[in-house]
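Visitor: structure for the following, please:
(4 chains)
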There are 2 protein chains.
Amino acid sequence: MKLKPARISAAQMPPRLAQSAFELFAERGFANVNLDQIAARAGVTKGSLYWHYRSKHELLLAACNLYYRQWHAAVHAALAPLPDPLERLRAALAFSVASCVLDRQNRMFTISLFMLMQEDALARAGWAQFYAAVREFYIGLVAAAQAAGRLPPGAARRRVDLMLEAMEGLKLRAGFEPQAAQPAEQQVIIDSLLGIFLPQAAQALPAGMGKTQTPRSKRTNQR
Amino acid sequence: MKLKPARISAAQMPPRLAQSAFELFAERGFANVNLDQIAARAGVTKGSLYWHYRSKHELLLAACNLYYRQWHAAVHAALAPLPDPLERLRAALAFSVASCVLDRQNRMFTISLFMLMQEDALARAGWAQFYAAVREFYIGLVAAAQAAGRLPPGAARRRVDLMLEAMEGLKLRAGFEPQAAQPAEQQVIIDSLLGIFLPQAAQALPAGMGKTQTPRSKRTNQR
DNA sequence: ACCCTTCCATACTCATGGGTATGGTGCGGG
DNA sequence: CCCGCACCATACCCATGAGTATGGAAGGGT
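Guide: Numbering: from 1, shown residues only, chains lettered A, B, ... in the order given. All right, here's what the predicted structure looks like:
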C-alpha cells in the first residue's frame, strides 16, 4: 500500500486517525475494534494516537464528525450536475439508499452509533445535528420539486419525516433480511420512497377506494 | 423485594434467569451487563447460571425469545376485548408505540439486539421470525378493517411494510430526540401511523405544523 | 552544536468479565 | 442410612484492551 514511509505531516495525523477509526468501526463495530488496530491502520502506534486524542471516546466522536462531513460532501457532489428539481430529489434518494441502506459497512457504523447514543449525550447531539441538516436538505429538495410542479404540493415537512423514518426502518430491516438489501432492489426502494411524495395513489395501486370515512371511535389507552 | 429465600424450583430457574437478563439488558444494553449481575438479580450466582446456560450468548438468545413471547402475549391480550376491526388496529398501534417507540428500556434492548444481529446469525434469524409474525399480524388487522369498510381498501401489505419501517425509524429517532418520545406525543404518533392506511391525505396534522403551504424561500445549504 | 518542543514507539499497569474448577448442600431412592 | 445426582456457591484463571510511563528521534530556533 504505502510505498515509502514518507513522513506524514503531523497536522494531518488526526483526520488520518479518524479515517482509520471510521473504516474499522464500519467494518466491525465500535466494540470490536481496539486502539492498536486503529493506530496500525493509520501507520502509527497507540503512543501517537494518544498524543492526538485523549481517549477512545474522543476518537469515536471525531470519526462520527468525519462521517457527517463526508456524507454531506458526497451528496452535494452527486447533485451538483443535476438541474431538474425532481432529478435532484431522485439522485439524493439514490445516494441515500446506496450509502445508508444497502451498504453493510455504513449500516454497521450507524447501528454502532445508535448504540453509543443510548449512553452518550455528545454522540446524541452530533447525530441530532446531522439528522436535522439532512432533514432540511430533503425538505428543500421536495419544496423545489413541488414549486416546479414536478411533485404534488403540500406537506413537505411531514412527508420528508415519514420518508426518513421509513429509510431508517429499511436500514434496520436490511440488517436482518439480506435479500432486501440486494443492489437489484435499489430502484424498487427508491421508487417506493419517492412514492411517499405522490400521495394520490399514483403508485401502482388498484384504484378502488370509494369510502374514506374518517374513524370517530373512542380510544382506550391501556398499558 | 424477595422476603424469604424460599426455595425456587430449579425448573423455573432458566426463565427466571432469562427474565433477569432481559431486564438488565433493557436497562443498560448487552455490553454493559455482566453475568454476575444477571445471576444476582435472579437470586443466584454465576455457578448456577452456567449450569442452566452454556454461555452468555445462549442467555442472550433466551432473553430475546422471552421478549418475543411476552410481546405477542401482551398485544393479543390488549386486543382481545375489542371487536371492531379499526379499534383493534388502533389498539395494536397504541401498544406498539407505547412499548417499542416510547419506552426507553425497550429501545435499549432492541438497539442492542440490532447491534448483535450484525454479527450473529441466530439472533438475526430469531428477530426475522418475530418481525415476520408481527408483519402478518398487522396485515391481518388491516385486511379485516378494510373488509369491514373501516379503511380504504388496497395495498395492505405495502402499507403495513411502510408503517412498520416508519415505526422503526421513529424508534431510532426517539433515541436522540427525547422530545419526540414524550408520552404526550403518543396520540400524535398513532394518528400519524394510522394515516398511512388513509392514502387520501385525510390525516390529522402532527403538532407544530402550522403552515402547510409550500415554502419557496431559497436556502443556502452550507455545512 | 545545543537544547527544547513536538511527535511517536515500546513496554508496561490494571480493571474487567467470560469462563472454569471445585467443593458444598439438599433431596430422593435404594 | 447413605449414596449419588442435581443444583448452586466460591474462588480462581486468563485473555483483552484502555490508558500510562518513559525514552527516543526529528526538526527548528538560537
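
Visitor: which ones are touching the most centrally placed residue in chain A?
Guide: Central residue of chain A (C-alpha atoms, centre = their mean): A:Cys100, 4.5 Å from the mean position. When contacts are counted by C-beta atoms under 8 Å, 6 or more residues apart in numbering or on different chains, A:Cys100 is found next to A:Asn106, A:Arg107, A:Thr110, A:Met167, A:Lys171. Where C-beta positions appear, they are placed from N, C-alpha and C, glycine not excepted.

Visitor: what's the angle from whichever strand or helix holds the third one to helix B:104-117?
Guide: A:Thr110 belongs to helix A:104-117 when elements are defined using DSSP states H and E. Following axes from the mean of the first three to the mean of the last three C-alpha atoms, to 10 degrees, one obtains 150 degrees for the angle between helix A:104-117 and helix B:104-117.

Visitor: all helices of chain A, in order?
Guide: Using DSSP state H, the helices of chain A run over residues A:13-28, A:35-41, A:46-52, A:56-79, A:85-96, A:104-117, A:121-147, A:156-176, A:186-195.

Visitor: of those helices, flag the one that's most buried.
Guide: Compared across these, helix A:156-176 shows the largest average neighbour count, a mean of 23 (mean count of other C-beta atoms under 10 Å in any protein chain shown).

Visitor: what's the angle from it to helix B:121-147?
Guide: Using the same axes, to 10 degrees: helix A:156-176 against helix B:121-147 is 140 degrees.

Visitor: before we move on, the earlier item: run the chain-centre distance for the helix holding A:Thr110.
Guide: 10 Å (C-alpha atoms, centre = their mean, to the nearest Å).

Visitor: anything in that helix near chain B?
Guide: Yes: interface with chain B: helix A:104-117 contributes A:Arg107, A:Met108, A:Ile111, A:Ser112, A:Phe114, A:Met115, A:Met117 (C-beta under 8 Å from any C-beta of the partner chain).

Visitor: near DNA strand C, list only the ones from those residues.
Guide: Among the residues of helix A:104-117 next to chain B, not one lies near DNA strand C by C-beta under 7 Å from any atom of the strand.

Visitor: distance to B:Glu136 and pLDDT added to the residues you listed, as JSON lines?
Guide: Compiled in JSON lines, the residues of helix A:104-117 next to chain B are given as follows (distance: C-beta to C-beta, whole Å; pLDDT from 0 to 100):
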{"residue": "A:Arg107", "distance to B:Glu136": "25", "pLDDT": "97"}
{"residue": "A:Met108", "distance to B:Glu136": "29", "pLDDT": "98"}
{"residue": "A:Ile111", "distance to B:Glu136": "25", "pLDDT": "98"}
{"residue": "A:Ser112", "distance to B:Glu136": "31", "pLDDT": "98"}
{"residue": "A:Phe114", "distance to B:Glu136": "27", "pLDDT": "98"}
{"residue": "A:Met115", "distance to B:Glu136": "29", "pLDDT": "97"}
{"residue": "A:Met117", "distance to B:Glu136": "31", "pLDDT": "97"}
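
Visitor: which parts of chain A sit against DNA strand D?
Guide: Going by C-beta under 7 Å from any atom of the strand, the residues of chain A near DNA strand D are A:Arg7, A:Asn32, A:Val33, A:Asn34, A:Leu35, A:Asp36, A:Lys46, A:Gly47, A:Tyr50, A:Ser55, A:Lys56, A:His57.

Visitor: thought the third one was touching A:Phe22?
Guide: In this case it means A:Val33. No: using C-beta atoms under 8 Å, A:Val33 makes no contact with A:Phe22, being 10.2 Å away.

Visitor: that older thread, B:Gly195 is nearest to which of the helices of chain A?
Guide: With C-beta to C-beta as the measure, helix A:156-176 is the member of these nearest B:Gly195 (8.9 Å).

Visitor: may I have that closest one as CSV, with CA atoms only?
Guide: The C-alpha atoms that make up helix A:156-176 are tabulated as CSV, following Å, rounded to 0.1, in the frame of the first residue of the first chain:
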residue,chain,number,x,y,z
ALA,A,156,-43.3,18.7,2.5
ARG,A,157,-42.1,18.5,6.1
ARG,A,158,-44.4,15.7,7.1
ARG,A,159,-43.6,13.6,4.1
VAL,A,160,-39.9,14.1,4.5
ASP,A,161,-40.2,13.0,8.1
LEU,A,162,-42.1,9.9,7.0
MET,A,163,-39.6,9.2,4.2
LEU,A,164,-36.6,9.5,6.6
GLU,A,165,-38.2,7.3,9.2
ALA,A,166,-39.0,4.7,6.5
MET,A,167,-35.5,4.8,5.3
GLU,A,168,-34.2,4.3,8.8
GLY,A,169,-36.6,1.4,9.2
LEU,A,170,-35.4,0.0,5.9
LYS,A,171,-31.8,0.2,7.1
LEU,A,172,-32.6,-1.9,10.1
ARG,A,173,-34.6,-4.3,8.0
ALA,A,174,-31.7,-4.7,5.6
GLY,A,175,-29.6,-5.8,8.6
PHE,A,176,-31.6,-9.0,9.1
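
Visitor: and the angle for it with helix A:85-96?
Guide: Going by the same axes, to 10 degrees, helix A:156-176 makes 30 degrees with helix A:85-96.

Visitor: is helix A:156-176 up against chain B anywhere?
Guide: Yes: shown here: helix A:156-176 in contact with chain B (C-beta under 8 Å from any C-beta) through A:156-158, A:162, A:164-170, A:172-173, A:175-176.

Visitor: by contact count, what packs against that helix?
Guide: helix A:104-117, helix A:121-147, helix A:186-195, helix B:104-117, helix B:121-147, helix B:156-176 (3 or more C-beta pairs under 8 Å, 6 or more residues apart in numbering or on different chains; DSSP states H and E).

Visitor: now do that helix, average pLDDT.
Guide: Across helix A:156-176, the average pLDDT comes to 96.

Visitor: what sits against A:Arg90?
Guide: A:Arg90 is in contact with A:Ile190, A:Leu194, counting by C-beta under 8 Å, 6+ apart.

Visitor: quick check, pLDDT for it.
Guide: The predicted local confidence for A:Arg90 is 97.

Visitor: same question for A:Glu58.
Guide: 97.
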